[in-house]
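Peer 1: What follows is a protein structure lacking sequence information:
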């Protein structure tokens, strides 16, 4: 069985994992651990736990449990003391308080959610992301960086405080994988933070795994404003310190109304300016054209335009076995 | 297999269930649903859910899952937005929000906790307990009644608002049981509220089950101040509208220091003034003399003097098979 490792943590990773879990693969996800916004940020501040949000999403994405469990983990309290908190976050936070170590937390959550694949936090250290913009501004905390959507200056540096030691399981997994799938996801708040952890770049240096990047569909306000596809790759390769082997990029037209919606939020379609001479580029229709079903539990609704988990999984499998 | 049904919901019920679950019995517990104090009360007020606290305790008492799960369900958040809330309560509250009915909530919780026995809420209706004291005072809300510890006037009436319809499963269970074990527990806040639900007294009238009452060790301030054993039985029989078949009462001496501790809180040893002519009375050493182990998860520490779950289960089994 091919050993496939997905890297990330946000909505994009959710979509990739949801698709890949239906294939006979040895699947794992290495999860970014710098989230500090919303429910996750409050739990970090108030209880001193590791950020549960991205782990929760990955656990649910890989879950083969009855739909009720997936619904429960994504359930968000609407009122009272717990307003805005996801049940899954509370589950991970409470488990962390009673378990001997974080491996036990993940094992227990994986057991109840019957995950088809391993969820690996990139580190067990509590750390925060800092980014420095070209205009001299500096922001610490992924939550704040995410909210800084009016920023148009380019991010020129990103680092963690403290730097953090990589989880040994993450290092082993990177080294022994056949393919590592990065993205799609917010470049500076979901993907690059994984590579900043001490030991991860070294693991990427050692591995013979082929690296696949799934290109974002749209730029992200305050983070990758004006970025072309090549800009994404350049930043990624800089922090990864390694060349990407395959780039998977959508070539299907995007609905004009959707583009206009994004433009109103200072976000644009990522222009495909990649040169086939330098990369293996796979251009396919990989977007989800289905109308949004509000009650469908397996999609985390943050963006109105998404990759399609089935289409992605099909194309990825062609790369794995091609 | 003997069909045994325990009735109650508080700490006493936890002790009885913890002991009985180790015997080959067809075991169930019918749980009082009027709690409105602490974490449970807040969840009722803020989320409009059924009271989860007593159900949580019964589920954990019957749990055959690894100790981690029992610890998790009893885990109480110490800080932040969730201060004072048990994880198990949040679990039941979130489940109630996503399940189609409360049976599904109980089934799901029972599945994850691997309960050896059925947990049956006496009703699925949201209701509150009112008591009227001899001095004319009236209190609504189990939480308030529990807190009214300086009250020395006798409770002369208790009723529910709304009256509430009994869960059909509770009625069936009562009718088809071989033995029904009541108590120990706070007479007016853990036990009598079960009999007040519409349909329960009728079920007790129909059943051929033998009724066993485990007599409380101590009086309860504000609820049964000055009560003898016979006072307990009289009140119980009044609300149950039926005679108790067996009374199990401790005959082992209680440590003087412990008695003094209780006296400082206006609570005294329940005097055994029961007459063997009128009841089958089993007098045994059924108290727990072990020093309190603070970290032992299976005991819920509210009272410093407790029945012993093993001793209770042994004596009960002699009654079941005697």
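Peer 2: Noted; the coordinates are in hand. Just so it is clear, the structure is predicted and the values come from calculations on it, not from any experiment.
Peer 1: so after the worst-scoring helix or strand of chain A on mean pLDDT, what's the next helix or strand?
Peer 2: The weakest-scoring helix or strand in chain A, judged by mean pLDDT, DSSP states H and E, is helix A:256-264 (a mean of 91). Counting by DSSP states H and E, the next helix or strand C-terminal to helix A:256-264 is strand A:280-284.
Peer 1: Next secondary structure element downstream of that following strand?
Peer 2: Following strand A:280-284 toward the C-terminus (DSSP H and E): helix A:309-321.
Peer 1: Looking only at that next one, what residues are buried by neighbour count?
Peer 2: Judged by neighbour count (16 or more other Cβ atoms under 10 Å in any protein chain shown), helix A:309-321 contains these buried residues: A:309, A:311-313, A:315-317, A:319-320. For the C-beta atoms, the positions are set from N, CA and C on the backbone; glycine is no exception.
Peer 1: Now do the same contact list for the residue in chain A sticking out farthest from the centre.
Peer 2: Centroid-distance maximum for chain A: residue A:80 at 29.9 Å, with Cα atoms, centre = their mean. Going by Cβ atoms under 8 Å, 6 or more residues apart in numbering or on different chains, residue A:80 touches B:42-43, B:45-47.
Peer 1: which outside residues touch the helix or strand encompassing residue A:201?
Peer 2: Per DSSP H and E: residue A:201 is located in helix A:200-206. If you take Cβ under 8 Å, 6+ apart as the criterion, helix A:200-206 is touched by A:122, A:166, A:170-171, A:174-175, A:180, A:194-195, A:211, A:239-242.
Peer 1: now swap in stretch A:59-77 and tell me
Peer 2: A:13-15, A:17-18, A:21, A:27, A:29, A:39, A:56, A:83-88, A:91, A:109-110, A:112-117, A:119, A:297-298, A:300, B:47, B:94-95, B:97-99, B:104, B:108.
Peer 1: Report the buried members of these.
Peer 2: A:13-15, A:17-18, A:21, A:27, A:29, A:39, A:56, A:85-88, A:91, A:109-110, A:112-113, A:115-117, A:119, A:297-298, A:300, B:47, B:94-95, B:97-99, B:108.
Peer 1: mind listing which of those residues are in strands?
Peer 2: Cross-referencing the buried ones among the contacts of stretch A:59-77 against strands under DSSP state E gives A:27, A:29, A:119.
Peer 1: re earlier: now do the helix holding residue A:201: distance to the chain's middle.
Peer 2: With Cα atoms, centre = their mean, to the nearest Å as the basis, helix A:200-206 stands 19 Å off its chain's centre.
Peer 1: Can you name the next helix or strand after that helix?
Peer 2: Using DSSP H and E, the next helix or strand after helix A:200-206 towards the C-terminus is strand A:210-214.
Peer 1: can you list contacts of that next one?
Peer 2: By Cβ under 8 Å, 6+ apart, the residues outside strand A:210-214 that reach it are A:12, A:16, A:178-184, A:204, A:232-233, A:236, A:240, A:242-248, A:286, A:307, A:312, A:316, A:319.
Peer 1: Next, the angle strand A:280-284 makes with it.
Peer 2: Relative orientation of strand A:210-214 versus strand A:280-284 (axes from the mean of the first three to the mean of the last three Cα atoms, to 10 degrees): 40 degrees.
Peer 1: pLDDT averaged over strand A:210-214 - what is it?
Peer 2: Across strand A:210-214, pLDDT averages out at 98.
Peer 1: Check which helices and strands the next helix or strand after that strand sits against.
Peer 2: The first helix or strand that comes after strand A:210-214 along the chain, using DSSP H and E, is helix A:229-240. Here helix A:229-240 touches helix A:192-195, helix A:200-206, strand A:210-214, strand A:246-250, going by 3 or more Cβ pairs under 8 Å, 6 or more residues apart in numbering or on different chains; DSSP states H and E.
Peer 1: any idea of the mean pLDDT for helix A:229-240?
Peer 2: The model assigns helix A:229-240 a mean pLDDT of 98.
Peer 1: chain center to it, what's the gap?
Peer 2: Distance of helix A:229-240 from its chain centroid, counting by Cα atoms, centre = their mean, is 16 Å.
Peer 1: Kindly report the same for stretch A:29-37.
Peer 2: That offset, for stretch A:29-37, works out to 8 Å (Cα atoms, centre = their mean).
Peer 1: Give me whichever of the helices and strands packed on helix A:229-240 is most buried.
Peer 2: With neighbours defined as mean count of other Cβ atoms under 10 Å in any protein chain shown, the helices and strands packed on helix A:229-240 peak in mean count at helix A:192-195, which reaches a mean of 25.
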